[in-house]
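A.B. asks: Kindly return the folded structure for what I paste below:
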Amino acid sequence: MVLYILMLFFIISPFFPAMGNAHWFFRTADFVRLQSIFIQTGLLLLFFYFEENYTLFSWGLLVAMVFSIVYQLYKVFPYSSLFPRQSSHGDSDGYLSILAGNVLQTNSCYPDFLNEIKRFNPDLVLTMESNKDWEECLSQIETDYPFTVKIPLENFYGMHLYSKKELKHVEVKYQIEDDKPSIFFDFPMEGKPPIYFCCLHPAPPSPTENETSKERDAELMLTGKRIREMDKPTVVCGDMNDVVWSRTTRLFKKMTGMIDPRVGRGFFSTYHAGYFFLRFPLDHLFHTRDLYVGKMTRSKNFGSDHFAMYYEIHHKKKVETPKNPKLNGDEKKEIEGLVEDGKDNQ
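C.D. replies: All right, here's what the predicted structure looks like:
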């Protein structure tokens, strides 16, 4: 009986996000799809071992479990290394590199993160959850990274940006919540258009944070609308507190035409760094089709609950920024609805 109950729960729960309810309880199933597939497979094996007299109910349970597993595999398979890569390489017209990581505000393993910066030697360093203590620690790199944007906060949503080159048109925006900043800027490329960056860290839907995903979803949609107004190479990166196979993130990619370089490369799960069996790909980078990501790697553990991600972002030679993808009426309505819901939830 207990086995039947567990099977019924893990058959139904993967479909919770499809119900469209923004509450964290219904959105959690998106985060744990990899873990859920593992549990479903285990339950299926236990079912084969213990089930002796197959009835119409047990056959129905078996078929439903297989269908649920296939549904989840369909969601996550594109992000495995077995799937064809989406981010095709081409002739590079120059590149920049970025190390982006949620450092965890209460983490004091400062030398470990500084060692990662030294090891990768990126053009840009982006930190999230960085407060005054982290700002003091990171002041050591300002000799090499003299151009900075500093937003030290004590609410686990501070952000710091360090650059080897002078940044243009820097904006700090509080798009939805007045204590959750985002950073926007142009990174100059020699002899080529600048690359526009959107650095985000919205709050997740959880029992201890926002009760629903409305604020997070709205911030991603507002960023997407901003990108659609641009006509330049663009990168979006940060701790999105969402998984790439969620409906909201897929809608964001649809409205911007941006590419996720993880497709066909692997999951690159960045959270939780301390528990290998409970990891989700929460830290993302998306880019327009006139760019491609060459090297892409996860950092060593530096004491945070997240790993950082290092990317080398190349500008494609003789490739112009593509026009915005067309959206149908339902998609436009959904985007506006998500933005309004996020604003109304304040």
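A.B. asks: which other residues reach stretch 153-164?
C.D. replies: For stretch 153-164, the surrounding residues in contact (CB atoms under 8 Å, 6 or more residues apart in numbering) are 105, 123-132, 134-135, 138, 141-142, 144-152, 167, 179-183, 185, 187, 199, 201, 203. Any C-beta I mention is one placed from the backbone N, CA and C, and that applies to glycine too.
A.B. asks: try it again with 7 Å
C.D. replies: Identification of contacts with stretch 153-164 by CB atoms under 7 Å, 6 or more residues apart in numbering yields 105, 123-131, 134-135, 138, 141, 144-145, 147-152, 179-181, 183, 199, 201.
A.B. asks: Among these, name the ones in strands.
C.D. replies: Among those, DSSP state E puts 124, 125, 126, 127, 128, 147, 148, 149, 150, 151, 183, 199 in strands.
A.B. asks: quick one, what contacts the residue lying closest to residue 96 once chain neighbours are set aside?
C.D. replies: Spatial nearest neighbour of residue 96, chain neighbours left out: residue 123 (4.6 Å); criterion: CB to CB, 6 or more residues apart in numbering. Shown in contact with residue 123 (CB under 7 Å, 6+ apart): 96, 97, 98, 163, 164, 165.
A.B. asks: Try it again at 8 Å.
C.D. replies: Here residue 123 is in contact with 96, 97, 98, 163, 164, 165, 187 (CB under 8 Å, 6+ apart).
A.B. asks: and the gap between it and residue 104?
C.D. replies: Using CB to CB, to the nearest Å, residue 123 is found at 24 Å from residue 104.
A.B. asks: Ok, residue 178 next?
C.D. replies: According to CB to CB, residue 178 stands 23 Å off from residue 104.
A.B. asks: same question, residue 299
C.D. replies: Distance of residue 299 to residue 104, computed by CB to CB: 13 Å.
A.B. asks: Correct me if wrong, but residue 294 is in a helix.
C.D. replies: No - counting by DSSP: H, G, I helix; E, B strand; the rest coil, residue 294 is not part of a helix but strand.
A.B. asks: what about residue 197, which helix or strand?
C.D. replies: strand 192-200 (DSSP states H and E).
A.B. asks: which of the residues in that strand are buried?
C.D. replies: 194, 195, 196, 197, 198, 199, 200 (16 or more other CB atoms under 10 Å).
A.B. asks: and what of stretch 164-181?
C.D. replies: Across stretch 164-181, burial judged by 16+ other CB under 10 Å covers 164, 165, 167, 170, 173, 175, 176, 177, 180, 181.
A.B. asks: Can you spell out which residues form a bridge with the nearest residue to the third one once chain neighbours are set aside?
C.D. replies: Ranked by CB to CB, 6+ apart and with sequence neighbours excluded, the top spatial neighbour of residue 167 is residue 185, at 4.5 Å. According to DSSP bridges, the partner residues bridging residue 185 are residue 197.
A.B. asks: Now for residue 185: which residues touch it?
C.D. replies: By CB under 8 Å, 6+ apart, the contact list for residue 185 reads 149, 161, 167, 168, 169, 170, 171, 196, 197.
A.B. asks: repeat that for 6 Å
C.D. replies: 167, 170, 197 (CB atoms under 6 Å, 6 or more residues apart in numbering).
A.B. asks: and what of residue 239?
C.D. replies: Residues near residue 239 by CB under 6 Å, 6+ apart: 102, 128, 201, 282, 283.
A.B. asks: The fourth one contacts residue 272, correct?
C.D. replies: Spelled out, that is residue 282. No - contact between residue 282 and residue 272 fails when scored by CB atoms under 6 Å: they sit 9.3 Å apart.
A.B. asks: the more surrounded of the two?
C.D. replies: residue 282 (20 against 16; other CB atoms under 10 Å).
A.B. asks: What separation do you get for that one and residue 102?
C.D. replies: Per CB to CB, residue 282 is found 8 Å from residue 102.
A.B. asks: what do you get for residue 38?
C.D. replies: Distance, residue 38 to residue 102, by CB to CB: 25 Å.
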